[in-house]
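S.K.: Based on what follows, work out the 3D shape:
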Amino acid sequence: MANITKSENSLYSKIQNDFIGLDTVYTLADGRKTVQVYLDSTASTLMMGAAHDILEEFFDHYANSHSLLHFSAKITTNQYAWAHQRILSFLGADPEEYTCFFTGSGTTAGINRLARVFRDYRKDKDVVLVSIMEHHSNDLPHRKHAGKVVHIPLKSHSSGEPGCLNTELLQENLEKYRDRVNYVAVTGISNVTGIINPIHDIAELAHGYGALVLIDGAQMAAHMPVQMSGHSNPARNIDAFVFSGHKTYVPGSPGVVVCRKNI
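M.R.: Below is the predicted model of the structure:
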């Protein structure tokens, strides 16, 4: 924290105080009143005031998108396209290689969609490797659509990286099932422990066996930089990344999928 500049500190303070609901007052059991202390952002974040202001401004021009028949339609269509490009830029995804679309109200719908697409895209590959730490959103869709789901254990405390996906066991299963593995599905950051998985190492390993990689970025998108493409070693690029607006300070917005266009 000692290296934070005065302007950066000012920005942090501004952001910290910009969440809607921080001044909401509740009456406690003993009759005392207090403003809320919100500690449940891993489940759903409060809305940022800046996001709320932009939404209010946009609603003055709301109309159906994919139309240029009138002013409001043009504005909505342009904003829709702008949102796609901003998301691709935010996740470091080359717009020539990746596309973005919105679906559902969280990550579940997007992962369900990808599980079906990956199954149909590579019908000869019926095995999916999933870490044991996954939220149901990144587990049940694969159980439903894949022929076989194999759960990969985590590293032990003695490894020095307790709680991360065990990449040695991942490699063992990639070797075991080889040409049958369709993709590896893993969370970027655990919603339970906060453990950060080495997603690019996992991608490089999986791609070495011809498997795709799907990242559940529900917790990762809001908390650390993501670079899906542009790595010096293309094998470290991510094939698909899913996150949710309600965990990135815009509750009520849809889930987001960023995926390679050729898939």
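S.K.: Contact partners for the closest residue to N237 other than its chain neighbours?
M.R.: Distance criterion Cβ to Cβ, 6 or more residues apart in numbering; nearest residue to N237, sequence neighbours excluded, is S229 at 4.6 Å. No exception for glycine: its C-beta is placed from N, CA and C like everyone else's. Listed by Cβ atoms under 8 Å, 6 or more residues apart in numbering, the contact set of S229 reads G92, A93, D94, E97, Y98, N237, I238.
S.K.: Repeat that for T187.
M.R.: S131, M133, E134, H135, N138, N197, I215, D216, G217, A218, Q219, M220.
S.K.: Next one: the residue nearest to N237 from A93, what distance?
M.R.: 6 Å (Cβ to Cβ, to the nearest Å).
S.K.: Same question for L28.
M.R.: Per Cβ to Cβ, L28 is found 46 Å from A93.
S.K.: So for the two, which sits in the more crowded spot?
M.R.: A93 (24 against 8; other Cβ atoms under 10 Å).
S.K.: Next up, phi/psi of that one, please.
M.R.: Backbone torsions of A93, given as degrees, to the nearest 10, read phi -110, psi 120.
S.K.: Could you find the closest non-adjacent residue to it?
M.R.: Using Cβ to Cβ, 6+ apart, the closest residue to A93 is M228 (4.2 Å).
S.K.: Hmm, the one you found is touching Y98, no?
M.R.: Yes. Applying Cβ atoms under 8 Å as the test, M228 and Y98 come out as touching, 6.7 Å apart.
S.K.: Run through the helices of the chain in chain order.
M.R.: 6-16, 49-59, 71-90, 107-121, 140-145, 167-177, 199-207 (DSSP state H).
S.K.: Compare those helices and give me the one nearest K261.
M.R.: Among those, helix 71-90 comes nearest to K261, with 11.1 Å by Cβ to Cβ.
S.K.: Show me how far that closest one is from its chain's centre.
M.R.: Between the centre of helix 71-90 and the centre of its chain there are 20 Å (Cα atoms, centre = their mean, to the nearest Å).
S.K.: which strands and helices sit next to it?
M.R.: Packing partners of helix 71-90 (3 or more Cβ pairs under 8 Å, 6 or more residues apart in numbering; DSSP states H and E): strand 98-103, strand 255-260.
S.K.: looking at the ones you listed, which is buried most?
M.R.: strand 255-260 (a mean of 24; mean count of other Cβ atoms under 10 Å).
S.K.: Closest one of the contacts of T187 to F59?
M.R.: For the contacts of T187, the nearest to F59 is A218 (26.7 Å; Cβ to Cβ).
S.K.: tally of neighbours for the closest one?
M.R.: For A218, using other Cβ under 10 Å, the count is 27.
S.K.: what pLDDT does it get?
M.R.: Here, the pLDDT recorded for A218 equals 97.
S.K.: List the contacts of the nearest residue to it once chain neighbours are set aside.
M.R.: Closest residue in space to A218, ignoring its immediate chain neighbours: T107 at 4.8 Å, by Cβ to Cβ, 6+ apart. Counting by Cβ under 8 Å, 6+ apart, T107 makes contact with H135, S137, N138, D216, G217, A218, V242, F243, S244, G255.
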